[in-house]
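Here is a sequence with its predicted model. Questions after.
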Amino acid sequence: MKTEISTAAGFIARLLKTPGGIGEEELRSFSESLQEALRDHYKHHWFPLMPSKGSGYRCIRINHKMDPLIGKAAGTIGLSHERLFQLLPSELTLWVDPFEVSYRIGEDGSICVLYEGPPQPVGKNAKTLESRNSCKEEWRIGRASPSKNYNMMTVSS
């Protein structure tokens, strides 16, 4: 659970990192606070023998509403919800499951894997997959979800 939580918190902290934005010390403090909140939240909802059990409970979600765990961690460094919404995607789903951490930006975005470990004791074969080409820069360019202002064309016969 420690690796998965660390991966998730590190990912959110990297999204908050912008030039002239939040300082390194604040980001470290935010990440530590988020890790602590996630550990407490997942304490009785972590099932390594059945990784998908409890997945919905462990999901971190921003959908034009801030996830309360992220909001709580941001509060420890004095970061307002308004500033969070400026820095984070308006639609983000982050799944933190035993042996896998993945995310999706936007409702129609691709699911990208941040961490994948074998269903065995963590360590030897576990790997962080942040360098995968398919999602390498998606989290950077996906800060703002795609616009929902679609131009509709109707066709009549």
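Now that the structure is in, tell me what you want to look at.

going forward, measure contacts between C-alpha atoms and count neighbours the same way
Fine.

Tell me, please, the helix or strand in the chain that averages the lowest pLDDT.
helix 138-141 (a mean of 45; mean pLDDT, DSSP states H and E).

So which residue is dead centre in the chain?
In the chain, the centroid-proximal residue (Cα atoms, centre = their mean) is Leu94; its distance is 3.9 Å.

Name the SS class of that one, please.
Following DSSP: H, G, I helix; E, B strand; the rest coil, we place Leu94 in the strand state.

Tell me the spacing between it and Ile70.
11 Å (Cα to Cα, to the nearest Å).

and what of Ser6?
Applying Cα to Cα, the value for Ser6 to Ile70 is 14 Å.

Then Pro118?
27 Å.

Those two: which has the busier surroundings?
A direct count of neighbours by other Cα atoms under 10 Å for Pro118 and Ile70 places Ile70 higher, at 24 against 14.

Now name the helix or strand holding that one.
Ile70 belongs to helix 68-75 when assigned by DSSP states H and E.

and Glu32, what does it touch?
With contact taken as Cα atoms under 8 Å, 6 or more residues apart in numbering, Glu32 is in contact with Ala9.

what does the next helix-or-strand element following the helix holding Ile70 rub up against?
Downstream of helix 68-75, the next assigned helix or strand under DSSP H and E is helix 81-87. Applying Cα under 8 Å, 6+ apart, the contact partners of helix 81-87 are Leu15, Leu16, Thr18, Met66, Gly71, Ala74, Arg143.

do stretch 59-73 as well
Here stretch 59-73 has contacts from 30-31, 33-34, 37-38, 81, 85, 89-96, using Cα under 8 Å, 6+ apart.

mean confidence for it?
Average pLDDT, stretch 59-73: 95.

Start and end of that stretch, how far apart?
16 Å.

roughly how far is it from the heart of the chain?
9 Å (Cα atoms, centre = their mean, to the nearest Å).
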